[in-house]
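Asks: Sequence plus the predicted model coming up.
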Number of protein chains: 4
Amino acid sequence: MRLLFLGDLMGRAGRTAAIDALPDLREKLKLDFVVVNAENAASGFGTTSKIAGAVIQSGADVISGGNHTFDQKDILSVIDNDNRILRPINYPEGTPGRGYAVYDAPRGKKVLVINAMGRVFMNALECPFRAIDKVLTKYRLGVTVNAIIVDFHGEATSEKMALGQYLDGRVSFVVGTHSHIPTADCQIFDKGTAYQTDAGMCGDYNSVIGMDKAEPINRFVSRMNKERFTPAGGEATVCGTFVETDDRTGLAKRIEPVRLGPRLMEHMPEV
Amino acid sequence: MRLLFLGDLMGRAGRTAAIDALPDLREKLKLDFVVVNAENAASGFGTTSKIAGAVIQSGADVISGGNHTFDQKDILSVIDNDNRILRPINYPEGTPGRGYAVYDAPRGKKVLVINAMGRVFMNALECPFRAIDKVLTKYRLGVTVNAIIVDFHGEATSEKMALGQYLDGRVSFVVGTHSHIPTADCQIFDKGTAYQTDAGMCGDYNSVIGMDKAEPINRFVSRMNKERFTPAGGEATVCGTFVETDDRTGLAKRIEPVRLGPRLMEHMPEV
Amino acid sequence: MRLLFLGDLMGRAGRTAAIDALPDLREKLKLDFVVVNAENAASGFGTTSKIAGAVIQSGADVISGGNHTFDQKDILSVIDNDNRILRPINYPEGTPGRGYAVYDAPRGKKVLVINAMGRVFMNALECPFRAIDKVLTKYRLGVTVNAIIVDFHGEATSEKMALGQYLDGRVSFVVGTHSHIPTADCQIFDKGTAYQTDAGMCGDYNSVIGMDKAEPINRFVSRMNKERFTPAGGEATVCGTFVETDDRTGLAKRIEPVRLGPRLMEHMPEV
Amino acid sequence: MRLLFLGDLMGRAGRTAAIDALPDLREKLKLDFVVVNAENAASGFGTTSKIAGAVIQSGADVISGGNHTFDQKDILSVIDNDNRILRPINYPEGTPGRGYAVYDAPRGKKVLVINAMGRVFMNALECPFRAIDKVLTKYRLGVTVNAIIVDFHGEATSEKMALGQYLDGRVSFVVGTHSHIPTADCQIFDKGTAYQTDAGMCGDYNSVIGMDKAEPINRFVSRMNKERFTPAGGEATVCGTFVETDDRTGLAKRIEPVRLGPRLMEHMPEV
Ligand SMILES: [Fe+2]
Ligand SMILES: [Fe+2]
Ligand SMILES: [Fe+2]
Ligand SMILES: [Fe+2]
Ligand SMILES: [Fe+2]
Ligand SMILES: [Fe+2]
Ligand SMILES: [Fe+2]
Ligand SMILES: [Fe+2]
């Protein structure tokens, strides 16, 4: 299968660029399945049901989230009913929404997507390693599902890489989000899991991780707040990751970054 | 000028790979100046005077550090006398060593190197933004020095990118270290400063950020320590960044990653 | 019932003072049950089986712990077999030892003791609120057990007070540990639970939270380590809390601090 | 001299109780000088010029602050001109307001008050140890000023006690704020400085550190926000500390807590 993951859509610039690019990407990369992290799609804070709908319409099969998932209360109107919208699985029991689901892909394939959140330098949630383990007792890669994608939303590179290694051989692809900067470490681990520490954001990289740069700089220098954070509005770069899996085992055969836009070194996999 | 920066040398595997690669890199990339972060060169924790000497011998002009700089007490025997070894500038007044120095480069050129440390999710030091400002009142890019390189050792992508933007137009190159994962966001900011959130480590990427993967995974899963951390010993990838500056202004004309080794997508600038 | 809780035994000074005081305290306060937090009893880091034995011998019914519980590997030799030694309940499944147990007290009474750890500014464990809830579905105060004592080992006053309020009416007594400073906020909440944010340590208060003051001050000022931390060796103050419960309901009728020693304002409940 | 310090005024309940109590306290305790921390006086977040005025009118000589000092932008209208309002001294250079001042007290006495903020588990500011050192090179206790009071606003008990010990013999009184819970560790250190880890808040202790308990509990249990935090509105307890200094040396002769109100064990020094 050919899978695409797009990192955190950042404000209007990021979500518009992703929505515009997705139809083309689906075609050029002959994609079977697309997951998009949209935790910052609505002005940088969360996503709304309307934005989620537009992203899905443009070609995303699943929308994943992170620490900003519940910033817009409107998402609560759909998160329980629409299984295409995920929130981190390791929120406590009873949290609205779900952290994973199995989806139908073309040619009768099944794809399991899991969204989890790190705990280093972040809010205290349940253990992401164990939460994912529990799902993997129900679904086995290459047996009951054809591909497994894990969006691990985390701050520390150590925790992200540890989870990747921990899941090596059991899932198709572990990709990090939340740092808003793409990492150049796409690799396939020893037992066949594709890994990248962070997919990077879809957003304006002439910024401070997608936010207009004035206020973040002000806060670092003065230690006082002057205004709210607002997403930078310049032309966005679409950042994501392309993974090709073995149809039989579900393990990765190939991982390559996707970078499309004005600021970063562009990269488009040849398919 | 042609500058090379290499990220955190991680243990024996990382330092050996860097030491082996440097002579070749100096030649192929026609380098004028090389800075290497060696805060993890000695078994992952600090560097010794002997290792620092070997790295310099192999082709580094300057060695920078970070939160692990003082892990090996032996470094105190040289850090006050040898200005080629830097520690973060924003340690408090009275700390052994220095955080910046001006160096002679070929053809009469002068290069200012500054090493600073972030404060988000890290030990509380003095303000890095102000500490660097203070140095920049003494040295002006394109006027009193021909190039200025800043190694910003930090955890949070936001703080690193904010510092990069803050210094835009005033230094040649801001590069992050500490995360041990190279970022794919090399760019030249609007006023001419080259920027990359993290250079990545020189180390074995079949690991958890350079450490043998068993113990980090154990700690994340069990929340208990079983053994010490030890650097992974497999073949290392050399990660760094190449920057070309304008001889007159000192601003950047080009920034490209350097990645040499078995695990990550290799990249070598053409010169 | 008359219950006593003693806060973190800090090094030799603290544990000796507590061991010396306990026989007298049992008599004077006509105690039915005693819990002692011993996470720092062995040179400030953890406890050993031998020290635990001595504390129990001197009059403790139960020993509780915290983030330092596993610092001394020797404790692993007894923690699985001796139910008088507790570690925080919200360590992940599979952790050696247990986080709660029911004990026999005089006159056929049963006492449930639960040890839990906070997550704010601390290591990420499972949710302490839910972990305790789960135990309380098995044991009901005034029905299946006569008293319930919760040692909540935490950093943030907000998390400790929130847990106290959360458990109000369901347990006899919630006492905090870990800060090593006694708080002056003993009170009985509206539904009958006795509460104190921190019992304080048993240790030398001419110190920095029980450690010899030179090295902590050095680290705050210089941001570098000079030596190891060692417990201060001056005369210790015994700090703890006395709670009297209603025999029928198990709720608290009275809570008063116990402070015995040279530095702090002494206080001894009249019984 | 006879000094009184009152801890964080928490919302309407806390500020009203303090304002009501101050005239009486001044009289009964024959006070020469009063400092009140008002960082939470305005609905829990900051203070306004109007509230500051009312607190001063009721008998405070100085108002100190903390991490919430700048929450209400209105305070900027007075903080530069009215030296009776302090903010932490270790905010960066150029921050509005001041972190210390010398005040006239009765009988020709001079009192230096310094407000500083901790850095452990808090925002990164400049080093509080050094910032205070710098002031103390200008003013000497018992020589140029008759009393020195330090309000150290911090989270970690270790950092607070380390600062107290660090300043021992050089100031009259170091008192902590920010935890909103009074500590029972009033003592005079070896060289004559009175010390208490936290004065506690003036606020409703039937709460979670002064906030209505429902939302804090909700956030700890669900990890989601439901509503804003609002100060608890029940009857407040006034918490503070009374210190008597030697007129000649400025060192402390006596330190005792003040606790007045419905929930905590009351205490009033005899004068
Ligand atoms: Fe994000
Ligand atoms: Fe995020
Ligand atoms: Fe490093
Ligand atoms: Fe580092
Ligand atoms: Fe402790
Ligand atoms: Fe502890
Ligand atoms: Fe406060
Ligand atoms: Fe505060």
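Replies: Done, it's in. Numbering: from 1, shown residues only, chains lettered A, B, ... in the order given. Ligands and ions are numbered 1, 2, ... in the order given.
Asks: For the residue in chain A positioned nearest to ligand 6, which residues are in contact?
Replies: In chain A, the residue found nearest to ligand 6 is A:Ala124; the distance is 16.5 Å by C-beta to the ion. Quick note: C-beta positions are derived from backbone N, CA and C, even for glycine. The neighbourhood of A:Ala124, defined by C-beta atoms under 8 Å, 6 or more residues apart in numbering or on different chains, consists of C:119-120, C:124-125, C:127, D:223.
Asks: Out of the residues you listed, which is nearest to A:Glu235?
Replies: If you rank the contacts of A:Ala124 by distance to A:Glu235 using C-beta to C-beta, D:Arg223 comes first, at 35.6 Å.
Asks: how many neighbours does the closest one have?
Replies: When neighbours are defined as other C-beta atoms under 10 Å in any protein chain shown, D:Arg223 has 20 of them.
Asks: same check, this time on A:Leu112
Replies: Counted with other C-beta under 10 Å, residues neighbouring A:Leu112 total 24.
Asks: repeat for A:Glu39
Replies: A:Glu39: 30 neighbours (other C-beta under 10 Å).
Asks: ok, now the one 5 residues further on?
Replies: Applying the criterion other C-beta under 10 Å, we find 25 residues in the vicinity of A:Gly44.
Asks: Find the residue closest to it in space, skipping its chain neighbours.
Replies: Nearest residue to A:Gly44, sequence neighbours excluded (C-beta to C-beta, 6 or more residues apart in numbering or on different chains): A:Pro231, at 4.6 Å.
Asks: Can you name the residue of the stretch 1-150 of chain A nearest ligand 1?
Replies: Closest approach between the stretch 1-150 of chain A and ligand 1, counting by C-beta to the ion: A:Asp8, at 3.5 Å.
Asks: ok, that residue - contacts?
Replies: A:14, A:37-40, A:66, A:177-178, A:180, A:199, A:201-203, A:210.
Asks: Okay, helices next: where are they in the stretch 51-200 of chain A?
Replies: According to DSSP state H, counting those that start in this stretch, the stretch 51-200 of chain A carries its helices in the segments A:128-136, A:157-166.
Asks: Tell me, how many residues neighbour A:Glu227?
Replies: The burial count for A:Glu227: 10, using other C-beta under 10 Å.
Asks: who touches it in this structure?
Replies: Each residue near A:Glu227 by C-beta under 8 Å, 6+ apart is listed here: A:Glu215.
Asks: isn't there a helix covering it?
Replies: No. A:Glu227: not assigned to a helix; according to DSSP: H, G, I helix; E, B strand; the rest coil it is coil.
Asks: can you give me the strands in the stretch 1-150 of chain A?
Replies: A:2-6, A:33-37, A:62-64, A:100-104, A:110-117, A:147-153 (DSSP state E, counting those that start in this stretch).
Asks: For those strands, give me JSON lines that also has mean pLDDT and distance to B:Leu112.
Replies: As requested, these are exported to JSON lines (pLDDT from 0 to 100; distance: least, C-beta to C-beta, whole Å):
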{"stretch": "strand A:2-6", "mean pLDDT": "98", "distance to B:Leu112": "39"}
{"stretch": "strand A:33-37", "mean pLDDT": "98", "distance to B:Leu112": "39"}
{"stretch": "strand A:62-64", "mean pLDDT": "98", "distance to B:Leu112": "44"}
{"stretch": "strand A:100-104", "mean pLDDT": "98", "distance to B:Leu112": "51"}
{"stretch": "strand A:110-117", "mean pLDDT": "98", "distance to B:Leu112": "41"}
{"stretch": "strand A:147-153", "mean pLDDT": "98", "distance to B:Leu112": "38"}
